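In: Take a look and give me a structure for this.
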Amino acid sequence: MTLAAIAMATTMNAQFYVGGGVGYSHSKVGDVKADQFKILPEFGYNLDDQISLGVSVGYTHSKSDDIKTDGFEIAPYLRYTFVKWNMVNAFVDLGIDYAYTKADEVKVNAIGAGVFPGLAVNLNDKISFVTKIGALSYVHANTKRGDAEVKGDEFNIGIDGSDLQFSVYYNF
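Out: Numbers count the residues shown, from 1 in each chain. Below is the predicted model:
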């Protein structure tokens, strides 16, 4: 009965959120033009005032001259909010992610893990503006083209604009 009471209390205090971001970029370097579209819906569940569980699922499409690339990613995370000050919350996400990208006959599978700091500005009880500002992450990628295979690793550390993400959340 104690476990049932704890489960009910957790559920009653819990709060769902949905959100995510969309993006479009266009670049031109010399005669090469590139366009990219990305959609990243995000779903989460606040276990209490400091701990949340969430997942981001995304799709990316890009075109550079005649090369089209499609990608899919899924990134579950655990969020710890360590500062709450008026409308602003500072948090850190601990997450893993998987990404698959295909361009013509080139296929890339990547898996990674990382810590991602961020800020949430709670505009009201229902709407939050969220940004992630950098990363401490590791990614292992496996690239295949026909019978050829290349494996690679990337380590990233930095709190800067190179890993900047913006999202809008709706809290239930």
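
In: From here on, just use CA atoms for contacts and neighbour counts.
Out: Noted.

In: what bridges to Val168?
Out: Gly20, Phe129 (DSSP bridges).

In: Repeat that for Ala103.
Out: Under the criterion used (DSSP bridges), Ala103 bridges to Thr69, Val106.

In: State the pLDDT value of it.
Out: Note on Ala103: pLDDT of 92.

In: got it, and the one 3 residues further on?
Out: Val106 carries a pLDDT value of 94.

In: if I look at it, how far off is Ala141?
Out: 13 Å (C-alpha to C-alpha, to the nearest Å).

In: neighbour-wise, which of those two wins?
Out: Legend: neighbour count by other C-alpha atoms under 10 Å for Val106 and Ala141, higher for Ala141 (18 against 14).

In: Backbone torsions only: list them for Lys126.
Out: Backbone torsions of Lys126, given as degrees, to the nearest 10, read phi -110, psi -30.

In: For Gly20, see how far away the closest residue to it other than its chain neighbours is.
Out: Nearest non-adjacent residue to Lys126, counting by C-alpha to C-alpha, 6 or more residues apart in numbering: Asn171, 4.6 Å away. Between Asn171 and Gly20 the distance, using C-alpha to C-alpha, works out to 12 Å.

In: Counting neighbours, go ahead and name the busier of these two.
Out: Neighbours per residue, other C-alpha under 10 Å: of Asn171 and Gly20, the larger number sits with Gly20, 21 against 18.

In: OK, contacts around that one?
Out: By C-alpha atoms under 8 Å, 6 or more residues apart in numbering, the contact list for Gly20 reads Ile39, Leu40, Pro41, Glu42, Phe43, Ser56, Phe166, Ser167, Val168, Tyr169.
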